[in-house]
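Visitor: Got a predicted model here, sequence first, then my questions.
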Amino acid sequence: MKYRYFLGAAALAAGPATSAFAEDATKFDTADTGIVVTATRTETPRSEVGQAVSVVTRAEIEATQATTASEVLARLPGVQVTNAGGFGQPSSVFIRGAENAQSLVLIDGVRVNDPGDVGGGFDFGTLTIGQFDRVEVVRGSSGVLYGSRAIGGVINLITQRPTEDWHARASAEYGWRDRRQVSASAAGLVGPVGLTLGGNWLKGDGYSAFNEDRGATEKDGFESKSLNARAEVELAEGLSVDGGTFWTRANYDYDNSGADALNLGLKRDLTGYANIRYAGLDDRLKARVGYGVIDTRRISDDAVWGPYETNGKNQRVEGQVEFTPVELVSVLLGAETEKQDFTDNYGSDDSMSIDSAFGNLTLRPVTGLTLNAGLRYDDNSQFGDRTTFAANGAYALAGEGGPVLRASYGEGFKAPSLYQLYTNAGYRALKPETSTSWDAGVEQPFAGGKGTFSLTWFERRTKNLIDYDYDQWNYYNIGRARAKGLELGMQVLGWQGFDVNFAYTYLDAVNRETGARLPRRAKNNMTFGIDRAFAVNPYGGLRLGGELRIGGARWDDADNTQWVEGHTLVNLRGSYAVRRNLEVFARVENLFDEHYEVVRTYGTPGRSAYAGLRVKM
C-alpha cells in the first residue's frame, strides 16, 4: 500500500511503505496536474471530473512571485478579486459572480470560513501564499459534497507534504515602502512519522487604505505572522492517523471609507484537525473519520468609536466511506455534524448547528465516460431541513491527450450567518439563500500535452440573496439574482522554454428584481502572462516574464449609482539561478504607475519593485 496525497476532506488512507512519501511529493509538486482531489473528495484523474477545476502548483506560484493567496486566485478564469486597500484590508473573492461568503475555503481540507464574518465568508486580506504548495479551485456549486457555503465553488489551499528524504525551502524579499517578507517550510520523516513545518512573516509601511489620489497622506502599515504544522503516522497495514494546525495573526492600520483615520485592526485564525484513515481491499475501500475546528478573533478598533470585537468558532465531525466494488462503479457515503458559535463585545452570544448526510454514485459505463450523481440532506437547527441534488459528467473523447467534454448541474443552500441574524439592527426575518447552477465546457490539450485550452459556459440563479440595506441599516433578502457568463483559459507549461497563462471571464451578474448589476462584479476580466526560460548556466539559468491584467469597469453599489472605471496593469519579473539550490529574483508591479480603484474611494498600489532570494534543499 502507498501513502496517498490527502486533504482533510478526502477519504484516503496511508500505507506502510515510507518510500511512497517521495512518490506523493513528486506527483503533486510537478507541473503535471492530472490528479485532483477537491472536486470529488477523493483522488480522481482530472479527465474524470465533471466540474471546471483550476490547479496552481508550487512551481507556478514561484514563477509569478506571488506573495498573497488573492494574487494567485486573481489569475484564474471565473475568479474576480476585490481588495478594499492594501494588505490587511478586506479582500473578497467572487467565483462566477457568487458572493464571497458563498464560496467554501479550505486549508489542507479543513473549512476555514469565519463564523464571525458578516456573511460567514473568508477574508483573504491577510492570507499569504508562502506556506502552500498547491491551490485547487472548483468553480460551480459543490453543495452536495461540501454543504453550505459552496454555492459558488470551493478553494483548497494545500501545504507541503513529507517525502522519505527531508526537503526544505526558504525565501526572503524586500521592496516598495519597506516591505519585508521571510518564508520557510520543511518536510520529511522522523522515524515512522511524517512531519511538515512552515512559517511566514510579512511587514511593511503599506499605503493608505483611503485613496492617496483623493488626498490621503497617512500610510496604513501591517505585520503578519503565520505558522503551520502537520504530523502523520501509519499504525498498521492500511490504518493511519494524522493531525495538524495552521495559525495566523495580522495587525494592520485601516481607514474610514472617506478619510484617513488612525484605526487599528487585528485578525487571528487558529485551525486544527485530526483524522483516522483506513484503506483496504486493494484500495477499493477507503474510510475516514475526522475532526476540524476553526477559531477566529477580529478586532476593529475605531479611533473615535472604540473597538468592536467578534469571535467565531466552528467545530465539525465528519466521516465518509468510499467503496468501489467493481471498476465501473464507486459509491461515496458520508455524514457530518457542525456547530457554529459567535460572540461580540456588544452582548451577542449565539450558535447554530447543522447535521448532514450525503451520498454520491460514480459510474463509468464506457471507456472515457464518467458520470456522477449525488444527494445531500441538511438539518439546520434554525431553518429546518433541505435536500439538494447534483449531477455531472466528463467524457474524454480520445483517451489521454484528447479533448474532454464536461457538464454539471448543482443545487445550493446557505443559511444566514450568525452575524446577519443577531446583529441585525431593526431586525427583519431572513430566509436561507438557495441556488441552482449549471455549466458546460470543453478542455483541449495541445503542444504535445504541455498545454491546455478550456472554454466553459455557466449560469447560476439564486433566490433570497442576502444584502445590506444602507437606508434601513439592516440585512434583507433580494428576491432573485442571476449570474451567467463565459470562461476562457489557456495554460502552457514548459513548451520550448515557454510558460503561458491566459484567463478571461465574461460575467453578467444582475438583480433580477430590479435589473441592476450586482456590485463590484466586472463584466470583463482578463489576465495574460508569459515567461521564457534561458539555459545560460547548468543550474537552470535565466527566466524572464511579464503579465498584462485588464480589470473591467463595475458598479460599486447595489443601486448602480457609483461607477468605478476599469484599469490596465503591466507587471515584469525575472529570476536567475546562481547555484543549484540558490535563486535570486526581482519584479516590477504596475510598471506604468496606473492610478485606479477597484473598490470606490479605496487605494491601490502604484509602481513598485521587489527583489529577493530563494533557497531549496
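Guide: Here it is on my side, so go on.
Visitor: sec struct for S47, please.
Guide: Counting by DSSP: H, G, I helix; E, B strand; the rest coil, the backbone at S47 sits in helix.
Visitor: ok, now how distant is it from S408?
Guide: As for S47, its distance to S408 is 15 Å (criterion: C-beta to C-beta, to the nearest Å). Yep, even glycine has a C-beta here, placed from its N, CA and C like the rest.
Visitor: more neighbours, those two?
Guide: When S47 and S408 are compared for neighbours, S408 comes out ahead with 27 against 19, by other C-beta atoms under 10 Å.
Visitor: these two touch, right, that one and A391?
Guide: Yes. Between S408 and A391 there is a contact under C-beta atoms under 8 Å: 7.2 Å.
Visitor: What separation do you get for the nearest residue to R480 once chain neighbours are set aside and D559?
Guide: Distances taken as C-beta to C-beta, 6 or more residues apart in numbering put R512 closest to R480, at 4.0 Å, once the chain neighbours are dropped. Computed as C-beta to C-beta, the R512 to D559 distance reads 15 Å.
Visitor: try I129
Guide: 36 Å.
Visitor: Could you list every helix and strand that the helix or strand where E71 lies packs against?
Guide: Per DSSP states H and E, E71 falls inside helix 69-73. Other elements packing on helix 69-73 under the criterion 3 or more C-beta pairs under 8 Å, 6 or more residues apart in numbering; DSSP states H and E are helix 58-64, strand 79-83, strand 91-95, strand 132-139.
Visitor: what pLDDT, on average, does the first one get?
Guide: The pLDDT scores in helix 58-64 average 95.
Visitor: What are the buried residues along that helix?
Guide: Neighbour-count burial for helix 58-64 flags R58, E60, I61, E62, A63, T64 (criterion: 16 or more other C-beta atoms under 10 Å).
Visitor: Next, format the residues you listed as TSV and append distance to V112.
Guide: Converted to TSV, those look like this (distance: C-beta to C-beta, whole Å):
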residue	distance to V112
R58	20
E60	22
I61	19
E62	24
A63	26
T64	23
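Visitor: tell me the SS of G292?
Guide: Assigned with three-state DSSP, G292 falls in the strand class.
Visitor: Look up the residues forming beta bridges with it.
Guide: Beta-bridge partners for G292, by DSSP bridges, are Y273, R316.
Visitor: Does it touch T245 like I think?
Guide: No. Applying C-beta under 8 Å, one finds G292 not in contact with T245, separated by 10.6 Å.
Visitor: anything in contact with each of the two?
Guide: T271, G272, Y273 (C-beta atoms under 8 Å, 6 or more residues apart in numbering).
Visitor: Name the nearest of the residues you listed relative to V570.
Guide: When the shared contacts of G292 and T245 are ranked by distance to V570 (C-beta to C-beta), T271 comes first, at 36.7 Å.
Visitor: how near is that closest one to W438?
Guide: Look at T271 and W438: by C-beta to C-beta, they are 33 Å apart.
Visitor: So between these two, which is more surrounded?
Guide: Neighbour totals were compared for T271 and W438, and T271 leads with 23 against 18 (other C-beta under 10 Å).
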